[in-house]
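# generate a structure from the sequence data that follows.
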Amino acid sequence: MSIDLDAYREQSRATWGQMAAGWAERREWLLDVTRPVSDWLFETADPQPGQTFLELAGGTGDLAVALAGRVGDDGRVIASDFSPEMVEFARRTGATRRLTNVEYRVLDAEHLDLPHDSVDGVVCRFGYMLMADPAIAIRETRRVLRYGGTLALTVWMGPERNPWAALPPLTLVERGHLPPPEPGTPGIFALADPTRIRELVTQAGFGEPELEEIAFEFRYADADELWDSLVRLAGGLARAISALPPDELEATRAAIEHRLAPYRQSDGSYRPPAAAWGVRAR
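This next block holds a predicted model:
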């Protein structure tokens, strides 16, 4: 692997800090589109009154709100992300709900500043595949979980199941604006292989995980919403797009829309399919 993981960590933290405002502004849309994933995580984690739950890579904190409602006043939720900007938006979300049982923390999943055996459950929605070293992160997750506790996580399946995520970066690669993804490096499809998932989870000290497919679709009202989602929400891809000169920016946008044309509906909306692995481990 030729990637400098320390440089990747710093760049990733900066990128997601830049994305935080867009995620906060588009949170209702994101919530609606990814609801099947959030529902799966919540039901699988099965939080109980009085328990302590940790959310890793929690973004704007919406799943933490649901967990807080279930664990109740006698329970506790630690809503965390490694981006301080994301945590600040999550804190604001919680303040509007007047939550008193949620603690908002900037936490690096690879080096959790939490005691051993301190939480009853951990949830992570689309976080581990973007981490520099998911093996270390999952071992840290196991360390802080109490015996018998549940880890519920989701990661994206492969590019063939997720054209919404695969086709835009492929377009930038073909136009010379991004390098082809290197096998074994962090990225949206880094944990698409079920064998790799099982290996990481069991080597971290969990039992054999249960994997379940979660299929849904992304929904963009029109080409403008599709483009806005790419330039304001899409992490490293958004950073690459923002660096393009105006003429090439327009040409790239047209090329991406052409790529996604098979998923364009008669009303002008786009509905490309999406699929994730839901993973439950104890």
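# ok but L153 is inside a strand, no?
Yes. Assessed with DSSP: H, G, I helix; E, B strand; the rest coil, L153 lies in a strand.
# could you look up the SS state of the residue nearest to V144 when sequence neighbours are not counted?
Excluding its sequence neighbours, the residue lying closest to V144 (Cβ to Cβ, 6 or more residues apart in numbering) is L114, at 4.7 Å. Heads up, the C-betas are built off the backbone N, CA and C, glycines and all. Under three-state DSSP, L114 falls in the coil class.
# which residues touch stretch 275-282?
Here stretch 275-282 makes contact (Cβ atoms under 8 Å, 6 or more residues apart in numbering) with 37, 40-41, 44, 126, 148-157, 161-162, 191-192, 194, 197, 201, 206-207, 209-216.
# return the distance of it from the chain's centre.
13 Å (Cα atoms, centre = their mean, to the nearest Å).
# would you mind writing the CA trace of that stretch as PDB?
Taking Å, rounded to 0.1, in the frame of the first residue of the first chain, the C-alpha atoms of stretch 275-282 are listed here in PDB:
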ATOM      1  CA  ALA A 275     -27.000  -1.300  -1.400                       C
ATOM      2  CA  ALA A 276     -25.200  -1.700   1.900                       C
ATOM      3  CA  TRP A 277     -24.000  -4.500   4.200                       C
ATOM      4  CA  GLY A 278     -25.600  -4.500   7.600                       C
ATOM      5  CA  VAL A 279     -23.200  -6.200  10.000                       C
ATOM      6  CA  ARG A 280     -24.100  -7.400  13.500                       C
ATOM      7  CA  ALA A 281     -21.400  -8.700  15.800                       C
ATOM      8  CA  ARG A 282     -21.200  -9.600  19.500                       C
END
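# what's the average pLDDT for it?
Taken as a whole, stretch 275-282 carries a mean pLDDT of 98.
# can you show me the helices along the stretch 151-282 of the chain?
Along the stretch 151-282 of the chain, the stretches classed as helices by DSSP state H, counting those that start in this stretch are 163-174, 194-203, 223-233, 235-242, 246-259.
# out of those, flag the one nearest A135.
helix 194-203 (5.5 Å; Cβ to Cβ).
# what's the average pLDDT for that closest one?
Helix 194-203 comes out at a mean pLDDT of 98.
# what residues of that helix count as buried?
By 16 or more other Cβ atoms under 10 Å, the buried positions in helix 194-203 come out as I197, R198, L200, V201.
# what's the farthest-apart pair in those residues?
The most widely separated members of the buried residues of helix 194-203 are R198 and L200, with 7.4 Å between them, by Cβ to Cβ.
# just list whatever residues bridge to T150.
With DSSP bridges as the criterion, T150 is bridged to G121.
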